Every structure is written in C-alpha cells, then in structure tokens.
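Visitor: need coordinates for the below:
(chains A and B)
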Number of protein chains: 2
Amino acid sequence: MTKEKVALIGSGNWGSAIAKIVGSNVLKSFDFDQEVRMWVFEEIVNGRKLTELINTEHENVKYLPGIKLPESVVAVPELLECVKDATILIFVVPHQFLKGICKSLLGNIRPDAKAISLIKGLDASASGLRLFSHIISEVLDIEVSVLSGANIANEVAEEHFCETTIGSRQKDDGETYFKLFNTPYFRVTVVDDVAGVEICGALKNIVAIGAGIIDGLRLGENTKAAIMRIGLMEMKRFACSFWSGVREETFYESCGVADLITTCAGGRNRKVAEAHVATGKPFDQLEREMLNGQKLQGTLAAQEVHEFLKAKKMTEEFPLFTRIYQIVYEGAPPQAIVEGL
Amino acid sequence: MTKEKVALIGSGNWGSAIAKIVGSNVLKSFDFDQEVRMWVFEEIVNGRKLTELINTEHENVKYLPGIKLPESVVAVPELLECVKDATILIFVVPHQFLKGICKSLLGNIRPDAKAISLIKGLDASASGLRLFSHIISEVLDIEVSVLSGANIANEVAEEHFCETTIGSRQKDDGETYFKLFNTPYFRVTVVDDVAGVEICGALKNIVAIGAGIIDGLRLGENTKAAIMRIGLMEMKRFACSFWSGVREETFYESCGVADLITTCAGGRNRKVAEAHVATGKPFDQLEREMLNGQKLQGTLAAQEVHEFLKAKKMTEEFPLFTRIYQIVYEGAPPQAIVEGL
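Guide: Below you'll find the model as predicted:
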C-alpha cells in the first residue's frame, strides 16, 4: 500500500493551526508520508522570506506567532511543487482565491488525489449558490470532503479541548481523515453529510449578526438564545430545502450548534453588529473602521442568501435571515429583528 | 361550553412573571374565566400582607418588583380557595413543596381539572428518578403537561422577545395552553413530548456547572461550546434511554438548546462553578458564601443523576455528567472535565 502524501494549500491563521495537527499526526501513523508540504504565498517578514522563516524557525511568525510547528511541515512557495505527488489536498485559503487555485491545479495533481475543504462560505453567482466543495470537485474531478467546527484557530493551536466535524461521502476517506486530523484535544466526528457540514459554516455568520444586534439592543440572554435557536433552525431548513442528503443530526454536531455558539459569543460579525446598534453607523463604515481591512462574512452571506431566496420567492420562509438582511442593507431598525419570527 | 378557570399555584419570581402573561391572556379569549387566582404564601412585607399588596398595588413587590400585574390576577393566601372550581392548575413552586401541596389538593380539586408544571428538577428517591409531572399526575390522577424554555423571569416580565416549549400529550390541551401562554413576546411551541421537555429543564444545570468550570479554567469559547454540545447530547441520551416517547427534535426547541445557551451564559450554577476553579473552595462553601440561602440546582442534579447511573452501571456512557460529579463531590481536578469525552 502506498502512503498518503498530504499537501496543505494555505498557511494563514487556521491553515497554520491545522499544519500543527496534521504535521504531528503524519508522524504517528504508517499510513502517511512524513512530510507535509504547505503552500505559502511568499512575503517578506522582518527582512526574511516567510517560507524560510517557517522552515528554519518552525513557526509561522506572521499568522500564528508563538506556536511551534512540527518539522514535518515544509513551507513551499510554489503551488505546483506543493501538490506534486500529493494524494490528499487540504484547502484552507480565503474563498476568493479558490477558483484561481483550482485552475492552476488542473492537470497538475495526481488523478487519484482527494481533497478536504476547510473553506468557509458559499459561492454566489448568477446561476445561484454553490458549495466550495462542489466547485473543487467539479473543476478537478476528485472526491471532496469538508471539515468545519467550533474551532477558533488560536485556541486549537494552544491545544484547548474542542471538537470538529468532517463530512465525507466515502467511508475509507472518512477513516483516513480521522487519522489525519483527530487528536486528544481536537476531537473529530465523521458524518456522511458533506453539504450539511459545509452549509453550517457558511450560514452561522448571518446568525452571529443577529446575535450582535440583540447584544446591541441589550435584550438579554433569553432573546439572544431565541435568536440563536431560530437561526439554527433556519440554517437547517435552508440546507434541507436546497441540497439533497442533508441530515438533521448534522446540526447537533460541532459544525452546527457548537460553532454557532462560539461564533455568537465572540467574533467580528457579532461585534460589528453590536456596534451598529450602539452607533447607528452603517455596516460597511464599521467594517472599514473596526476590521483593519478584513471583510465581514456575515453581511456578505446575508446578501447572497437573500438574493437566492428572493429569486425563489421564499424570503418569508426564512424570517430571521430576511430581517437581518433588511437591517444590514435596507435601513430597517434593529428592533425589527424579532418581527414575524 | 364552560370556560376554563385558571389557578396559579405559586407566586415567586417566575410565578409572578407567568401571572402577568396568563392574567393578560384570559382577558383576550372567551375560552377563559376572567379571574386568575394566584396562591401566595402569606408574609408581611413593609408592614403589610403580601396578598393585600398584590391585590391593591397589582405588583408582587417582593418577588417581581417594578412589574405591574393585570387586575385579573387575584392573590389568595389559602391554597384550597385558590384552586376551588379551577379547571387548569399551573404549578410553579419550588420542587421541595410539591408533594405536600399535592397531598393538600387531593380530593379538593375538580375531577376534570388538568395541570401544567413549570417546576424544574427531578425527584430522586430510593426507587429512582421521577418527573414532577408524573408525581402530580399520580397523586391527583389528572392529565399533566409541562412548560420549559429559555425564560429568565425578569426578562420575560420586561417583555423581551423569547420562546418557550410546552409538552402536552393531548392536542386539545396543547391548544388551550397555547392560548393561555402565547404572546407576541413569549412565543409558545407545543410538542407532544412531555418527558423530553421536562428533562431538559432538569439536566441543563449540570451542563452549566461544566460551562462554569471551563470559564474558570479560561479555556475559551471553543472548549465551552464543545462542553455545551456534549452536554446537550448527554441530556438527549439520558432522556431517550430512560423515558419512552422522547423525541430527538425536542432538544432543538427552546426548552433544549436555547435554555442551555441561556443557562451556560449567565446563572448561578455557571458562576459558582467558575468561582470553584478560581478559588479552590468546595461547592457547598461557595453556595453558602455566594447565594444568600439559595441552593444550587446543578450540583444536586449532578448527584441525583450520578446515583441513578451508578445503580444502572452506566456512568461511563455519560462521561461529562460523570466528570462533573467527580469534580463537585470527589475532589477531582477541574481539568479532568475533558477526560474521556
């Protein structure tokens, strides 16, 4: 049996935390080649190349400072060199780069490779909404699984106990990914519902905007819990309505209820929404003022989901998503959030 | 058709908040007699009888100050006078008083009366664990429904939007209770799973102890969300293992996931557990120091559930409940909470 060879496409905060786990796990199992190549978009940090820093200091000093990476993790600045001979491609890049990366990979990966996507979000285009796992699978014609959960990167990197969910259609793939990702502090559950797992990660930030609005209105814990619960139900209904094979139980997994709890407790979507209520400033202004160039995922997802539902004349079947859209984009008062729920 | 006549057995913080809702709803429907009698354990407050204060000021100045009650709510110091002619008995008393009250009621209520219990907890005795709704039903031989949800009394009284869950076996009863309790700010969902709804309310405080331990350990939002999720799954497994007719969907209702979120965000169980980690003081000492005579529900429930599981040799199937018991009662270190999950 040939060993699985892992390539990590991405090296940001989450990618680096995952590199620590994967780089450690490949050393513990005969199933894996002991080198994990990590694609690093080259940049100069403190006068040195980031790849060089990672390969000598064994630390991503820019995106995950203070955390040592296993020496099995090798930073590579060339994408195609990174994926050469790889049988497992881990995608953990900002979603706007995905299509370009897939185009570069086409014809340059092993035909028997498989992929697992850690990318959050949905792809919206004129033809509707698509999952990033479907895009990877379509462009590269390979099997794609997903990983999503209540996983703040720094807390995972510090080995604080948490869980995650892997959605994988093939039983063998699920077992391989379990070996690759599970640790005593990062507990993996494998389910066969790829779409359900991925949609949770895409929609939770809409609900976090709602939770932040409640925090801003100072309505208290009852109301916030109600909004989170209703949000979880709309996430479930949305997934079950528009994708086949989605299972209700997926929303009880780490990717569902737990990630929603984490995202509504902290996080920038909640914070900016709270500030919107406190200051009355529009979301795009607060995004510029508070996020230092980063983009809000929740407002974008709210818009994409709204356009999709509007085209299907189904906005009123998702009253919370619709209210949040109206508050963010149409100047509806924050108090409107509980109307019609 | 005769009108339903409502008696409210209890007038504490939650009982008074419910009196406001019920007292208002009976005035809006022809189905109900327009008087709601509320049993008040007589005491002297500021030199006046509490019943007299409630009936003249229309405010429970001791247990829900600052909130006006509808004039339809009439405080009555005699239990049997309160329930005379009543067709609906709402039980909202501390659980330690329930058996005595039921004994007093026996033979003194209408045979066609029905009850709804808002009491939280489980009854532990040598013969095992029993639901309070079952005790009421057994002693009085009447149909008993339950109400439970993410409902902090003061927030409900201030009309902040929230949801609640009613478990009722009879469709007609469910419809009656919906009319009696639902308002635009207090949204009722009726399910036919009485045991599931009630068990959620009894077990959530165990999980809140766990959440407080994580807060005390400063492990962050990932770990707290994982503990809450695992706790919800143990609540579900416990209910499904030992009571028949429990439905998985119940745990997605307000009584399940939403009440758990509220309880793990604030509340005294969470707070005392956090203090235990910070100070190293035992729970019973902190209970005395921090709660001003009130009792912790979570530690009591943890003990009752543990004795029950131990007798069935099933503690290891509920690792989180078991770890929490060991930390509270056997001096296990707080860090042990994530072991074996």
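Visitor: going by C-alpha atoms from here, please, whenever you check contacts or count neighbours.
Guide: Noted.
Visitor: and for A:Phe41, nearest residue in space, chain neighbours not counted?
Guide: A:Pro77 (5.8 Å; Cα to Cα, 6 or more residues apart in numbering or on different chains).
Visitor: longest helix of chain A?
Guide: For chain A, the helix that runs over the most residues, judged by DSSP state H, is helix A:194-217.
Visitor: what are the buried residues along that helix?
Guide: A:194-216 (16 or more other Cα atoms under 10 Å in any protein chain shown).
Visitor: stretch A:94-107 too?
Guide: The neighbour-count check on stretch A:94-107 (16+ other Cα under 10 Å) flags A:Leu98, A:Ile101, A:Cys102, A:Leu105 as buried.
Visitor: and A:Glu274, helix, strand or coil?
Guide: Applying DSSP: H, G, I helix; E, B strand; the rest coil to A:Glu274 yields a three-state assignment of helix.
Visitor: returning to that earlier point: counting by contacts, list what the next helix or strand after the longest helix of chain A packs against.
Guide: Using DSSP states H and E, the next helix or strand after helix A:194-217 towards the C-terminus is helix A:221-242. The elements that helix A:221-242 packs onto, with contact taken as 3 or more Cα pairs under 8 Å, 6 or more residues apart in numbering or on different chains; DSSP states H and E, are helix A:194-217, helix A:259-265, helix A:319-329, strand B:162-167, helix B:259-265.
Visitor: quick check: the gap between A:Val338 and chain B.
Guide: The gap separating A:Val338 from chain B is 7 Å, by Cα to the nearest Cα, to the nearest Å.
Visitor: er, A:Thr189 I mean
Guide: Distance from A:Thr189 to chain B, by Cα to the nearest Cα: 12 Å.
Visitor: tell me the buried residues in stretch A:30-41?
Guide: Buried, per 16+ other Cα under 10 Å, within stretch A:30-41: A:Asp31, A:Phe32, A:Asp33, A:Gln34, A:Glu35, A:Val36, A:Arg37, A:Met38, A:Trp39, A:Val40, A:Phe41.
Visitor: first-to-last residue distance for stretch A:38-45?
Guide: 17 Å (Cα to Cα, to the nearest Å).
Visitor: what sits up against it?
Guide: Stretch A:38-45 has contacts (Cα atoms under 8 Å, 6 or more residues apart in numbering or on different chains) with A:7-11, A:19, A:49-51, A:62, A:73-79, A:82.
Visitor: helices or strands up against the longest helix of chain A?
Guide: Helix A:194-217 packs on strand A:128-131, strand A:144-148, strand A:162-167, helix A:221-242, helix A:259-265, helix A:268-279, helix A:297-311, helix A:319-329, going by 3+ Cα pairs under 8 Å, 6+ apart.
Visitor: tell me the mean pLDDT over the fifth one?
Guide: By that I understand helix A:259-265. Averaging pLDDT along helix A:259-265 yields 97.
Visitor: please save the CA atoms from that helix in CSV.
Guide: These are the backbone C-alpha positions of helix A:259-265, laid out as CSV (Å, rounded to 0.1, in the frame of the first residue of the first chain):
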residue,chain,number,x,y,z
ASP,A,259,-19.8,26.5,16.0
LEU,A,260,-22.9,28.7,16.2
ILE,A,261,-22.4,29.1,20.0
THR,A,262,-18.8,30.1,19.6
THR,A,263,-19.5,32.5,16.7
CYS,A,264,-22.3,34.2,18.6
ALA,A,265,-20.2,34.5,21.8
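Visitor: that one and chain B, are they touching?
Guide: Yes: contact of helix A:259-265 with chain B (Cα under 8 Å from any Cα of the partner chain) involves A:Asp259, A:Ile261, A:Thr262, A:Ala265.
Visitor: could the helices and strands packed on helix A:221-242 be laid out in TSV, adding distance to A:Ile227?
Guide: Output for those, formatted as TSV (distance: least, Cα to Cα, whole Å):
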stretch	distance to A:Ile227
helix A:194-217	7
helix A:259-265	10
helix A:319-329	8
strand B:162-167	8
helix B:259-265	11
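Visitor: to B:Ala302, which of these lies closest?
Guide: When the helices and strands packed on helix A:221-242 are compared by Cα to Cα, helix B:259-265 sits nearest B:Ala302, at 15.2 Å.
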